[in-house]
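*Asks:* The following block contains a protein sequence and its predicted model.
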Amino acid sequence: MKDDGKVSPLDYLENPELVKMLLSIPRKILHHHEVEGLPQIILHELADKLNLKRASYLIDNPDFDCLKGVAGFCCNQKNTPDHDAWHDPHNFKKHIEQAEFNADMQKFLHASVKKKIGDYANKEDLIALGKNFGMENPQVYTWNMRHGNHGILIFETSDNHASVNNDLIDHATALLGLCPL
């Protein structure tokens, strides 16, 4: 940990698999930029490595008054091949489309939360949304994206009372923002 209290990716060296995964994703995004479903692949990989039970990735655009679901992960619906999704992303896409939670997230369309409440300081609306998605103890992380969009990750850990380090989530969610939609 740095003197300013911020955590760097190097602080996770006790978990080299996690660091290796985080550092490898930008190159994989560039290599597979034409593949549809990159956010689903990345969310699946992040959720698996961060031990998440469920995760919903949404994009909020207040200019168009739109909150759109992009990808969903549910550990009980991991209808994916046993091999690495990056080796055959087209096959992964076929499998992930059959996962009900992911399909529901991709169909989700609602009015912008940011336009309604102004900022995300009070996350009660997003926590309620997570509960509507079937999460028992949802946690919320938001971040700014390009073109006035805002990323939202609503998730719960496999241990419902555990939390995920916000600095780690900050690095991980930036990777979702690199994906074409």
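*Replies:* Right, received. Where do you want to start? Numbers count the residues shown, from 1 in each chain.

*Asks:* Quick one: neighbours of Ala128, just the number.
*Replies:* Residues lying near Ala128 (other Cβ atoms under 10 Å) number 11. The C-beta positions use only the backbone N, C-alpha and C, and glycine is treated the same way.

*Asks:* Now it: phi and psi?
*Replies:* phi -60, psi -40 (degrees, to the nearest 10).

*Asks:* OK, contacts around it?
*Replies:* Applying Cβ atoms under 8 Å, 6 or more residues apart in numbering to Ala128 gives no contacts.

*Asks:* What pLDDT is listed against it?
*Replies:* On pLDDT, Ala128 comes in at 94.

*Asks:* Same check on Lys116?
*Replies:* 80.

*Asks:* Kindly format the C-alpha coordinates of the helix or strand where Val19 lies as PDB.
*Replies:* Using DSSP states H and E, Val19 falls within helix 16-31. Taking C-alpha atoms only, helix 16-31 is exported to PDB below (Å, rounded to 0.1, in the frame of the first residue of the first chain):
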ATOM      1  CA  PRO A  16      -0.300 -13.700  -8.800                       C
ATOM      2  CA  GLU A  17      -3.100 -15.400 -10.700                       C
ATOM      3  CA  LEU A  18      -5.300 -12.400 -10.200                       C
ATOM      4  CA  VAL A  19      -2.600  -9.900 -11.100                       C
ATOM      5  CA  LYS A  20      -1.700 -11.900 -14.200                       C
ATOM      6  CA  MET A  21      -5.400 -12.000 -15.300                       C
ATOM      7  CA  LEU A  22      -5.900  -8.300 -14.800                       C
ATOM      8  CA  LEU A  23      -2.700  -7.400 -16.700                       C
ATOM      9  CA  SER A  24      -3.600  -9.800 -19.600                       C
ATOM     10  CA  ILE A  25      -7.000  -8.400 -20.300                       C
ATOM     11  CA  PRO A  26      -6.100  -5.200 -22.200                       C
ATOM     12  CA  ARG A  27      -4.100  -7.200 -24.700                       C
ATOM     13  CA  LYS A  28      -6.900  -9.700 -25.100                       C
ATOM     14  CA  ILE A  29      -9.400  -6.900 -25.800                       C
ATOM     15  CA  LEU A  30      -7.100  -5.500 -28.500                       C
ATOM     16  CA  HIS A  31      -6.600  -9.000 -30.000                       C
END
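
*Asks:* Kind regards, and thank you for your time.
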